[in-house]
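Engineer: Could you look at this predicted model? Sequence included:
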Amino acid sequence: MADDITDTSQTVAAGQLRAFIERIERLEEEKKTISDDIKEVFAEAKGTGFQSPLKLVA
């Protein structure tokens, strides 16, 4: 019976860990997409003659 509880706990913990990793991967991809979008906006602004004193740090 103790083995059943341990196995169940490990299965739940593995599922939770997998869910955290998937969320982090998804958020990292969203962060990259947003960063790319910001770079495009800076390039567009520069293309129309504006100069930004801000530096984009990724």
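Structural biologist: Looks like it arrived, so ask away.

Engineer: for residue 49, phi and psi?
Structural biologist: Residue 49 has phi and psi values of phi 110, psi 0 when expressed as degrees, to the nearest 10.

Engineer: Let me know the average pLDDT across stretch 37-45.
Structural biologist: The predicted model assigns stretch 37-45 a mean pLDDT of 90.

Engineer: Using PDB, write out every CA atom in that stretch.
Structural biologist: Listed next in PDB are the C-alpha coordinates belonging to stretch 37-45 (Å, rounded to 0.1, in the frame of the first residue of the first chain):
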ATOM      1  CA  ASP A  37       7.800  42.400 -32.600                       C
ATOM      2  CA  ILE A  38       9.400  45.200 -30.600                       C
ATOM      3  CA  LYS A  39      12.500  45.100 -32.800                       C
ATOM      4  CA  GLU A  40      10.200  45.400 -35.800                       C
ATOM      5  CA  VAL A  41       8.500  48.400 -34.400                       C
ATOM      6  CA  PHE A  42      11.900  50.100 -33.700                       C
ATOM      7  CA  ALA A  43      13.000  49.300 -37.200                       C
ATOM      8  CA  GLU A  44       9.700  50.700 -38.600                       C
ATOM      9  CA  ALA A  45      10.100  53.900 -36.500                       C
END
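
Engineer: what's the distance between stretch 10-17 and the middle of its chain?
Structural biologist: 21 Å (Cα atoms, centre = their mean, to the nearest Å).

Engineer: if you average pLDDT over that stretch, what comes out?
Structural biologist: pLDDT averaged over stretch 10-17 gives 91.

Engineer: can you pull out the strands in the protein?
Structural biologist: Counting by DSSP state E, the chain has no strands to list.
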